[in-house]
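Novice: Need coordinates for the following:
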Amino acid sequence: VEAGNLQDAELYGKRALSLISQDPWGVHAVAHALEPTSRKADAIEWITQQEAEWNTANNFRYHIHWHRALIHLEQGNLQAALDWYDRTVFAADSVEYLDVCNEASLLMRLELCGADVDGRWEAVAHKAGSRISDQAMGFADVHYMLALSSSKEPDHLGLAQALMENLVHYSESATDNAQAYRAAVVPLAEAILAYRRGKYKESADGFLSCAAAAHTAGGSHDQRDLYEYLTAEALFRADP
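Specialist: Residues are numbered from 1 along each chain as shown. Reported below is the predicted structural model:
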């Protein structure tokens, strides 16, 4: 999928599932192969058909629920996507990184599409606030910033600034992935923070400056396209 060979990805994913029917990664791979095409209805049907198997998996099941909600959103069904968020994507008791990323990403997409996400940001930001010192995975840190900067609680905005300082400090270290933080994570987080502060030109410039390097922060094509949506929205809102 990540190499763009969707046909083979679908075949291999289905082959994996024929060997181990409870393997959520097989379901996930096929969903990734179907979602970027005109077969979005097939993707939802595929996920639903296998649900009895993958829904018994660990926290990864929330990510497959995320894919289903995302496809509904791409079909223009905001209410279905929001309903799935409330029912199956949001994991109230989990601070596992991918769960927080799923939640923040879907809420931002819903918001960009015009949905009223009400007070949902605060619950996600509360979880993200416990992880601002991680600096273990750039993709996760970017989404922690997204959650914290989107909350209207003053404490969360303070934590967003503290996270920003942590990211800059880490990017200046000699650790193995500091380069990825310099090239992508720090500018992405700065662009998100600027967006939430209403500094849209600064935000757009930040997103554009690291677009070619954004993949080094991690995440799949499906996950990273959120940066493109935010760039477009920031450009639209920026002063001429």
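
Novice: who's in contact with residue 33?
Specialist: Going by C-beta atoms under 8 Å, 6 or more residues apart in numbering, residue 33 touches 1, 6, 7, 9, 10, 13. Glycine gets a C-beta too; all of them are placed from N, C-alpha and C.

Novice: Of these, which belong to helices?
Specialist: Here DSSP state H is the test, and these give 6, 7, 9, 10, 13 as lying in helices.

Novice: Who are the contact partners of residue 107?
Specialist: The contact partners of residue 107, by C-beta under 8 Å, 6+ apart, come to 85, 117, 120, 121, 124, 150.

Novice: what helix or strand does it sit in?
Specialist: helix 97-112 (DSSP states H and E).

Novice: helices or strands up against the following helix or strand past that helix?
Specialist: Scanning forward in sequence from helix 97-112 by DSSP H and E, the next helix or strand is helix 120-128. Secondary-structure packing of helix 120-128 (3 or more C-beta pairs under 8 Å, 6 or more residues apart in numbering; DSSP states H and E): helix 97-112, helix 138-150, helix 154-171.

Novice: Which of those sits closest to residue 34?
Specialist: Between residue 34 and the helices and strands packed on helix 120-128, the tightest spacing by C-beta to C-beta is seen for helix 97-112, at 18.4 Å.

Novice: Go through the closest one and flag the buried ones.
Specialist: By neighbour count on 16 or more other C-beta atoms under 10 Å, the buried set for helix 97-112 is 97-110.

Novice: Ok, stretch 44-57 next?
Specialist: Result for stretch 44-57 [16+ other C-beta under 10 Å]: buried residues 44, 46, 47, 50, 51, 53, 54, 57.

Novice: do stretch 72-90 as well
Specialist: 72, 73, 78, 80, 81, 82, 84, 85, 88, 89, 90.

Novice: any idea of the pLDDT on the second one?
Specialist: Spelled out, that is residue 73. Listed pLDDT for residue 73 reads 95.

Novice: Now name the helix or strand holding the nearest residue to it once chain neighbours are set aside.
Specialist: Excluding the flanking residues, the one nearest residue 73 by C-beta to C-beta, 6 or more residues apart in numbering is residue 81, at 4.0 Å. Assigned by DSSP H and E, residue 81 belongs to helix 78-84.

Novice: Averaged pLDDT, that helix. What do you get?
Specialist: 96.

Novice: Would you mind pulling the contact partners of the helix or strand of the chain with the lowest mean pLDDT?
Specialist: Taking mean pLDDT, DSSP states H and E as the measure, the chain has helix 51-54 as its least confident helix or strand, at a mean of 90. By C-beta under 8 Å, 6+ apart, the residues outside helix 51-54 that reach it are 21, 22, 23, 24, 27, 60, 61, 64.
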